[in-house]
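[1] Sequence and computational prediction follow.
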Amino acid sequence: MIFALWLLPFAGALAIWAFGPQLKRLAGALGAATVLTSFAIALALAGQTFTGRGVKAPLVSWAQGFSFGLLLDPLSLLWVFVITGVGGLIHVYSIGYMSGDRAFARFFAYMNFFVFAMLTLVLSDNFVGLLVGWGLVGLASYFLIGFWFFKPSAVAAARKAFVINVVGDIGLMFGIFVLFAATHTTTYAGVFAKAGSLAPLTVTLACFGLFVACAAKSAQLPLHTWLPDAMEGPTPVSALIHAATMVTAGVYLIARCAPLWDVSPEARALVGTIGALTALTGAVLGCVQWDIKRILAYSTMSQIGYMIMGVGVGAYQAGILHFYTHAFFKATLFLGAGILIHALHDEQDVRKMGGLARRQPFAFWAMTVGTLAIIGFPGLSGFFSKDAVIYGTLEHGYPLLYAIGMVTAGITAYYMCRMLFVTFFGSYRGDVPSAQLGVAASTNPPVAHEAPSGHEGAHAPAWLMQVPVALLMIPSVIAGYVWFGSRDGPLAYGGPGSLWFGYFTTNFATRAEAVQAAVPEWLSTVLVLALVGIGAFVAYRRYAASAASANAVERLRAESLTAWRPLTRALYFDDAIELVFVRPASAIGAAFARVVDPQVLDGAVRDVAWLAGWLGREMRALQTGLVRGYALVVVLGVAGFLVYFAWFGTVR
Amino acid sequence: MSPMPVDVLNYVLLSAVMFFIGVGGVILRRNPLIVLMAIELMFNAANLALIAFSRVYENNAGHIFAFLVITVAAAEAAIGLAIVVVVFRRAKHVDVDDVAGLHG
């Protein structure tokens, strides 16, 4: 069963790859069916998973300490649910979104391959399998970001994502090497059994390596720069890979390796701090974006920052809950944005939208629900999870991170509402010339705009895209209520110890309780809500209230042109990487091309060739063609041998 | 009464003298026929030494070797003379120093 769960998407990928041209429209159905079947299997295995210590399925063992097997424990089950459940819905959505694309089948082959890779990552019972899955999801991400490979910007984004992810892979390998050197095993069970007896420095080193991997995969500072660019991929890809699942692999890794983080306070502080700074940075940068997908990308980065902060400081349940709710509402947001982009013929700039609430009511409601969930509107899923993360930092003794988390919650409300108001309120601005709105000309060749979701073919029925979004809206609203239900009753507030969600976090149930925080939780919640309210209100005043006014276009243009430059340049992270790594590497490369390659490498080859020629020229004099001369040489040689043996003894 | 045994050294010395006469012939003479004869002389010098040592050590391997050498020498003479004939036909004269087509 667990093998079927794991391999079905891979079989789907292979089948679509092999028979894509024959399958035609069925490729999408096949892709969605395999993923949804995996989801059904996961549901069937859920009971078995909760009762014991998980479903174990050893597969191969090829050396002492190296084995590969599958492990479905509550933690991986939660990820499997999201990967196959949300992933299956996004597959269904993609059938509609990608209809008319020339590479329809290829898209589903990649998507299925991604699901398989992600399942490998979360189902592996050892670090080596994790590393394999880690690399494969990076590869799938590369494929899908560069899916429209005729767009130079997409190719560049795919390459950037891949290179930065490889930095993370190296970090992961480093961490695994350290752990293997210390424990002589690579299975989770083996490593964690010895975690307590390892030297603290060893654990910190390993955690550092693992966290480099998390930072690259989960877009944490300073390795986050690939995520906004990754929005070059088709929107369902952004929803599945770059919002709901792959980018949360870092959260999974830290939660999985909790026994290591428990030992190393330094690693906890590092992860918590980076997570908090990422949450803040992502939120701040989200405030100046105009591309609807880039806004969502920065919000993803920010929300993952929250998750990382949560699991980093030790509030594992809270961080995992935020992953769980975020998968739903961020997928809702992305898929809602996808409906808009689809309807507006690949327009992604919110300045060219406006007034879409009446034209696209379904997308409007989906995006509204998603926005309310992400900003933590009371009662929706994000409210519970974000609050749990923010309060968790305080409970585990990080008041500074707590403050950052609170401020970020306010900024989140501001930029998400800004996106919502600019997109849906006021009047439609798609007919306004770009220059009047301050929209810079696209750097892509114009042909790129026709092909992505090209409308040459028949349109898929609208329900194909609306039903998955509707199904995602439901958990976006109610997913947070798993936080309820304790021994006091099914609706009593259980928090981290809740019965329902507690099933998924049994790995962490035995952990020491958090310290009593100085601020009671209700007060903290009220404070967060106040900041959220302020953020939403500022956004309302700036965008919604004036959106209907006659000078909305001028206001947007003014804001576009006068935005603080460090923010529009994404705080110069790209420039810093360019300056610190790319330029020196290019300079070294140029120096090698100018000096080492022609002088040393080519030079050596040329010298060898010249030596052969020179030897030939010099030696040809010996080749006289005179038989008697040759005979003389033979005789002299024999004479030489004779003299040698006469002097130096006998022939042996 | 058997003939007075001759010291093996004499045979070996004779063999050496014959051999170096052959060497001198190969190196110094320019007529290919003479060169071939000189080579023949060297072969037979070797044969003489083989037979002599064979007698001394009472081992028949030397005899067998000598027969082998005679066979090879015959083959060599056949090929060598054939080459000389071909060269003579092409060049109308026979001088080993003129046959230097392999000059580098």
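    Looks like it arrived, so ask away. Residues are numbered from 1 along each chain as shown, chains lettered A, B, ... in the order given.

[2] quick one: the strands in chain A?
    A:55-63, A:66-72, A:484-486, A:489-493 (DSSP state E).

[3] mind listing what's buried in the second one?
    Put plainly, it is strand A:66-72. A:67, A:68, A:69, A:70, A:71, A:72 (16 or more other CB atoms under 10 Å in any protein chain shown). Just so you know, the C-beta spots here come from the backbone N, C-alpha and C atoms, and that holds for glycine as well.

[4] near chain A, which residues of chain B?
    B:23, B:26-28, B:30, B:35, B:96-97, B:99-104 (CB under 8 Å from any CB of the partner chain).

[5] mind giving me TSV with these and columns for neighbour count and pLDDT?
    Listed next are the residues of chain B next to chain A as TSV, based on neighbours: other CB atoms under 10 Å in any protein chain shown; pLDDT from 0 to 100:
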residue	neighbour count	pLDDT
B:23	21	90
B:26	24	88
B:27	17	88
B:28	13	88
B:30	13	85
B:35	22	89
B:96	19	78
B:97	12	78
B:99	17	75
B:100	13	74
B:101	7	73
B:102	11	72
B:103	10	73
B:104	11	66
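
[6] Of those residues, just say which sits nearest to residue A:169.
    residue B:104 (58.6 Å; CB to CB).

[7] what sits against the residue nearest the centre of chain A?
    Geometric centre of chain A, nearest residue: residue A:247, 2.7 Å, by CA atoms, centre = their mean. Residues counted as contacts of residue A:247 (CB atoms under 8 Å, 6 or more residues apart in numbering or on different chains) are A:217, A:218, A:219, A:227, A:241, A:300, A:304.

[8] from the buried residues of strand A:66-72, which single one is nearest residue A:142?
    For these, the nearest to residue A:142 is residue A:68 (23.8 Å; CB to CB).

[9] pretty sure the closest one is in contact with residue A:129, am I right?
    Yes: using CB atoms under 8 Å, residue A:68 is in contact with residue A:129, at 5.1 Å.

[10] Could you list the low-pLDDT ranges of chain B?
    Scanning chain B for pLDDT under 70 picks out the ranges B:1-4, B:104.

[11] for it, which helix is longest?
    helix B:61-91 (DSSP state H).

[12] What is that helix packed up against?
    helix B:32-57 (3 or more CB pairs under 8 Å, 6 or more residues apart in numbering or on different chains; DSSP states H and E).

[13] helices and strands around the helix it packs on, which ones?
    helix B:8-28, helix B:61-91.

[14] Of the ones you listed, which is nearest residue A:137?
    helix B:61-91 (75.0 Å).

[15] In terms of residue numbering, what are the domains of chain A?
    A:2-431+A:458-568, A:576-648 (automatic domain parsing).

[16] Least confident of the buried residues of strand A:66-72?
    Lowest pLDDT among those: residue A:67, with 79.

[17] Show me what that residue is bridged to.
    residue A:61 (DSSP bridges).

[18] contacting residues for it?
    Residue A:67 neighbours (CB under 8 Å, 6+ apart): A:58, A:59, A:60, A:61, A:126, A:186, A:187.

[19] redo that, cut-off 7 Å
    Applying CB atoms under 7 Å, 6 or more residues apart in numbering or on different chains to residue A:67 gives the contacts A:58, A:60, A:61, A:126, A:187.

[20] PyMOL command for the buried members of those?
    The buried subset of those, as determined by 16+ other CB under 10 Å, is captured in PyMOL by this line:
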select buried, chain A and resi 126+187
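
[21] any chance of the contacts of residue A:67 in JSON lines, plus pLDDT?
    What follows is the contacts of residue A:67, written out as JSON lines (pLDDT from 0 to 100):
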{"residue": "A:58", "pLDDT": "79"}
{"residue": "A:60", "pLDDT": "77"}
{"residue": "A:61", "pLDDT": "75"}
{"residue": "A:126", "pLDDT": "87"}
{"residue": "A:187", "pLDDT": "85"}
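
[22] Kindly state the beta-bridge partners for residue A:72.
    residue A:55.

[23] what sits against it?
    Applying CB under 7 Å, 6+ apart to residue A:72 gives the contacts A:2, A:45, A:49, A:54, A:55, A:80, A:123.

[24] So what's the predicted local confidence for the last one?
    Pointing back at residue A:123 there. So residue A:123 comes in at 89 (pLDDT).

[25] go on, the one 10 residues further on?
    Predicted confidence (pLDDT) at residue A:133: the value is 92.

[26] Distance of it relative to chain B?
    For residue A:133, the distance to chain B equals 65 Å [CB to the nearest CB, to the nearest Å].

[27] does that residue really touch residue A:123, like I thought?
    No: if you go by CB atoms under 7 Å, residue A:133 and residue A:123 don't touch, sitting 8.0 Å apart.

[28] returning to that earlier point: could you save the buried residues of strand A:66-72 as TSV and add columns showing distance to residue A:479?
    As requested, these are exported to TSV (distance: CB to CB, whole Å):
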residue	distance to residue A:479
A:67	35
A:68	33
A:69	31
A:70	26
A:71	25
A:72	21
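
[29] of the residues of chain B next to chain A, closest to residue A:358?
    residue B:104 (94.5 Å).

[30] Can you say which of the domains of chain A is packed in most?
    For the domains of chain A, the largest average neighbour count (mean count of other CB atoms under 10 Å in any protein chain shown) is found in domain A:2-431+A:458-568, namely a mean of 21.

[31] Report how far apart the opening and closing residues of that one are.
    Using CA to CA, to the nearest Å, one end of domain A:2-431+A:458-568 lies 47 Å from the other.

[32] Show me how far that domain is from its chain's centre.
    The chain centroid and the centroid of domain A:2-431+A:458-568 are separated by 8 Å under CA atoms, centre = their mean, to the nearest Å.

[33] what about residue A:234, distance to residue A:153?
    14 Å (CB to CB, to the nearest Å).

[34] repeat for residue A:314
    40 Å.

[35] same question, residue A:643
    80 Å.

[36] From the residues of chain B next to chain A, pick the one nearest residue A:212.
    Distance to residue A:212 across the residues of chain B next to chain A (CB to CB) is lowest for residue B:104, with 64.1 Å.

[37] low-confidence ranges in chain A?
    Scanning chain A for pLDDT under 70 picks out A:52-53, A:63-65, A:441-461, A:485-497, A:499-500, A:506-517, A:546-550, A:650-652.

[38] which parts of it sit against chain B?
    A:620, A:621, A:623, A:624, A:625, A:626, A:627, A:628, A:631, A:632, A:635 (CB under 7 Å from any CB of the partner chain).

[39] can you name the two of these that are farthest apart?
    Longest span within those, CB to CB: A:620 and A:635, 22.5 Å.

[40] Surely residue A:182 and residue A:198 touch.
    Yes: checked against CB under 7 Å, the pair residue A:182 and residue A:198 is within contact range at 5.3 Å.
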